[in-house]
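Peer 1: coords please:
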Amino acid sequence: MTAIETPDREADYRVPALQRGLTSPVKTRRFHVIPKLLVTVGIIFYAVVVPMLEINETHVFNPAWEPHARLHEVWQLFTNTALGAFSFWLVWFKGDLRLASLLTVFVTGGFLMSYWLRTTYGGSMVLTDGSEKMIFGINLGLFAYTLAILLAGIAMAIVHRGRRPETPL
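Peer 2: The predicted model follows:
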């Protein structure tokens, strides 16, 4: 049996992309990179950008916050950063976009739920100085985290569309 005729799935890497029904090896590589980049944007939002915005006197070192609330803030930042590092590893080293996308939806969706329910528990996105971080007239967190979920969804759609039913070679 040649590599093309073998039923062994592990040998599939030996079959040239064109023979597997893919249009070109270059397009295949690009196809895999774009979804990874889309998911990575969301990961960067919650694992890098948010800690940079919140480790200061408006959040972690805010004397107006109860010490217990600050503890929960630091806990949330460490947890999200750890999940982000794990998700980054999933995307770039394991190729598991599905789980990384799901984790992105969990982290960013948790923020969106707390944002939408803020009036029920007295929450606010207005800082103690009376300002609110905005982009395009929309709260920055709402914008970034909605975008992260959309990008993860687009990445999964690209991956799903790129899959073809197995055809005999």
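
Peer 1: residue boundaries of the strands in the chain?
Peer 2: Here the chain has its strands, by DSSP state E, at 134-135, 138-139.

Peer 1: Buried residues of stretch 49-64, list them for me.
Peer 2: For stretch 49-64, a neighbour-count test (16 or more other Cβ atoms under 10 Å) marks 50-51, 54, 58-59, 62 as buried. Every residue, glycine included, has its C-beta placed from N, CA and C.

Peer 1: Next one: Trp89 from Ala64, what distance?
Peer 2: Separation of Trp89 from Ala64 (Cβ to Cβ, to the nearest Å): 37 Å.

Peer 1: Can you give me the neighbour number for Ser114?
Peer 2: 14 (other Cβ atoms under 10 Å).

Peer 1: pLDDT below threshold where in the chain?
Peer 2: The model of the chain has pLDDT under 70 over residues 1-31, 164-169.

Peer 1: that older thread, give me whichever of the strands of the chain is most buried.
Peer 2: Neighbour counts averaged per stretch over the strands of the chain are highest for strand 138-139, at a mean of 14; criterion: mean count of other Cβ atoms under 10 Å.
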